[in-house]
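Colleague: Kindly generate the corresponding structure for this input.
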Amino acid sequence: MERETTVLIVGAGPAGLATSACLTLKNIPNIVLEREDCCASLWKKRAYDRLKLHLAKQFCELPNMPFPSNAPTYIPRKDFIRYLDDYVSYFNVSPFYNHTVESASFDHSRRSWVVMAKNEVLGTMEKYIPKFLVVATGENSEGYIPQNIPGLDLFNGEVMHSSKYENGKKFEKRKVLVVGSGNSGMEIAFDLSNRGARTSVVVRSPVHVLSEELVKLGMVLLKHLNVGLVDTIVLLLSKLKFGNLSQYGIQTPNKGPFYLKRATGRSPVIDVGTIAKIRAREIDVLPSIKNVHGDNGSNVIFTNGVTESYDAIVFATGYKSTVRKWLKDDGGLFGENGMPNKRNPNHWKGENGLYCAGFARAGLFGISNDAKAISQDISALFKSS
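Modeller: Numbers count the residues shown, from 1 in each chain. You can find the predicted model right below:
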């Protein structure tokens with residue numbers, strides 16, 4: 001089967017849905033391919049139960065659909081899924097589900113892209129010929145577990161990525177190590193502790209810890225003040241709230257939280273109660289893992305010489321892009337790590353009608369900006385051709 005279209009979008013997460021909606025509003029034909037059997041699979045299938053958006057709702061809206069006025073400031077996972085389903089329905093986005101893109105290359109003779117996708121239901125290959133190609137598989141395509149930990153493959157307890165973690169119910173009275181001190185790691189550690197697990201968390205790198213209120217304050221202040229001054233104000237208030245966390249094993253970065261967010265895409269930890277448990281010694285903080293060892297295969301040795309035995313390890317070590325596995329002829333848009341070579345806001349456009357949405361390291365706010373920029377650019381080119 002061969003099918004021509006103006007725009008082909010790979011991925012039906014928020015980035016793909018938003019881009020499709022923006023193109024549809026401009027009367028530009030588009031097709032969305034999704035490897036899973038639903039849209040927003042990261043949120044529906046690979047997110048823990050207590051997850052909620054880490055920024056206030058006004059910074060997480062997709063284009064042309066605000067959240068209801070009575071929605072909470074920080075949207076819970078289930079409410080965000082409902083919002084995405086309503087978005088799909090309202091803008092009549094109809095992804096082709098169970099379609100795995102296996103290759104995409106540019107045909108210079110036809111001045112079009114050639115995309116081969118496998119229909120997982122029928123077991124057949126399908127060819128798509130779009131004028132424009134939008135990569136919307138995002139930064140979080142595949143869970144990442146470090147492979148350089150000696151002995152990890154011999155660990156006889158349970159090892160999982162955070163994308164497989166739902167809640168801490170089954171870990172009650174068990175000893176669990178969470179590796180990773182970002183928002184997911186800290187919140188999972190909090191959830192495990194609340195469920196009666198004896199919990200430790202590995203904090204490998206310096207990290208900023210803020211409250212929801214401080215993040216919201218910072219976002220408002222950034223509209224009026226430079227980032228350096230905003231960081232100074234927010235960090236002072238954070239220290240007053242949480243105290244000096246270095247005595248608990250949590251170091252603070254040299255640069256401020258909002259500067260780091262803009263420069264690297266790394267978000268501060270938004271505390272949900274984890275810090276109080278750390279201060280009360282209900283959650284232990286440990287440095288990097290040196291190796292996994294022991295006669296019973298459950299001992300974990302840390303770089304400070306401490307050895308502990310665990311029943312399970314949860315890796316909240318992030319995700320990686322998989323775009324390099326299938327995209328050819330990208331013209332240097334993506335680096336070897338599957339992320340754009342150019343930084344936000346110049347990251348979203350490549351050569352020969354190639355675009356990427358959801359790679360700005362700026363969350364849903366960045367996704368919204370990408371979708372609008374891409375649709376406007378394609379619309380201008382489409383109308384002039």
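Colleague: Would you tell me which strand is longest in this structure?
Modeller: If you go by DSSP state E, the chain has its longest strand at strand 124-135.
Colleague: tell me what the next helix or strand after it is packed against?
Modeller: As assigned by DSSP states H and E, the chain's next helix or strand after strand 124-135 is strand 142-143. Applying 3 or more Cβ pairs under 8 Å, 6 or more residues apart in numbering; DSSP states H and E, one finds that strand 142-143 contacts strand 319-320. In this view, the C-beta of every residue, glycine as well, is placed from N, C-alpha and C.
Colleague: Not counting its own residues, what contacts the strand it packs on?
Modeller: By Cβ atoms under 8 Å, 6 or more residues apart in numbering, the residues outside strand 319-320 that reach it are 139-144, 163, 337-338.
Colleague: So for Gly143, what's the nearest residue that isn't a sequence neighbour?
Modeller: His161 (3.8 Å; Cβ to Cβ, 6 or more residues apart in numbering).
Colleague: nope, Ser193 is what I meant
Modeller: Take Ser193 and drop its neighbours on the chain: the residue closest to it by Cβ to Cβ, 6+ apart is Thr199, 4.6 Å away.
Colleague: between the contacts of strand 319-320, which is nearest Gly180?
Modeller: Tyr144 (10.0 Å; Cβ to Cβ).
Colleague: Next, count neighbours for the closest one.
Modeller: Counted with other Cβ atoms under 10 Å, the neighbours of Tyr144 add up to 16.
Colleague: do the same with the one 10 residues further on
Modeller: Leu154: 12 surrounding residues under other Cβ under 10 Å.
Colleague: Quick check, it in contact with Val292.
Modeller: Yes. Leu154 is within contact range of Val292, at 6.4 Å (criterion: Cβ atoms under 8 Å).
Colleague: Spatially central residue in this structure, please.
Modeller: Residue closest to the average C-alpha location in the chain (Cα atoms, centre = their mean): Asn140, at 4.6 Å.
Colleague: what's near enough to touch it?
Modeller: Asn140 touches 42, 318-319, counting by Cβ under 8 Å, 6+ apart.
Colleague: Need the phi and psi values for it.
Modeller: phi -110, psi 50 (degrees, to the nearest 10).
Colleague: what's the answer for Ile28, then?
Modeller: Dihedral angles for Ile28 - degrees, to the nearest 10 - are phi -110, psi 120.
Colleague: next one: Ser288
Modeller: phi -60, psi 150.
Colleague: Give me the pLDDT value at it.
Modeller: Ser288 is assigned 95 on the pLDDT scale.
Colleague: residues contacting it?
Modeller: Per Cβ under 8 Å, 6+ apart, neighbours of Ser288: 202, 204, 302-303.
Colleague: Touching, Val215 and Leu53? I think so.
Modeller: No. Using Cβ under 8 Å as the test, Val215 is too far from Leu53 to be in contact (11.0 Å).
Colleague: Sketch out the low-pLDDT regions of this structure for me.
Modeller: For the chain, the stretches flagged by pLDDT under 70 are 294-297, 385.
Colleague: can you give me the helices for it?
Modeller: 14-25, 41-45, 77-90, 183-194, 212-221, 227-242, 257-264, 274-279, 363-384 (DSSP state H).
Colleague: most tightly surrounded among the ones you listed?
Modeller: Of all the helices of the chain, helix 14-25 has the most neighbours on average by mean count of other Cβ atoms under 10 Å, namely a mean of 26.
Colleague: Please save the CA atoms from it in CSV.
Modeller: Taking Å, rounded to 0.1, in the frame of the first residue of the first chain, the C-alpha atoms of helix 14-25 are listed here in CSV:
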residue,chain,number,x,y,z
PRO,A,14,1.0,15.5,23.1
ALA,A,15,3.5,16.8,20.5
GLY,A,16,2.0,14.9,17.7
LEU,A,17,-1.6,15.6,18.7
ALA,A,18,-0.9,19.4,19.0
THR,A,19,0.9,19.5,15.7
SER,A,20,-1.9,17.7,13.9
ALA,A,21,-4.6,19.9,15.5
CYS,A,22,-2.7,23.1,14.5
LEU,A,23,-2.3,21.8,10.9
THR,A,24,-6.0,20.8,10.7
LEU,A,25,-7.0,24.3,11.8
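Colleague: which one among the contacts of Asn140 gets closest to Ser103?
Modeller: Tyr319 (22.2 Å).
Colleague: so how far is Leu327 from the residue nearest to that closest one when sequence neighbours are not counted?
Modeller: Nearest non-adjacent residue to Tyr319, counting by Cβ to Cβ, 6+ apart: Asn140, 3.9 Å away. Remark: distance between Asn140 and Leu327 (Cβ to Cβ, to the nearest Å) = 17 Å.
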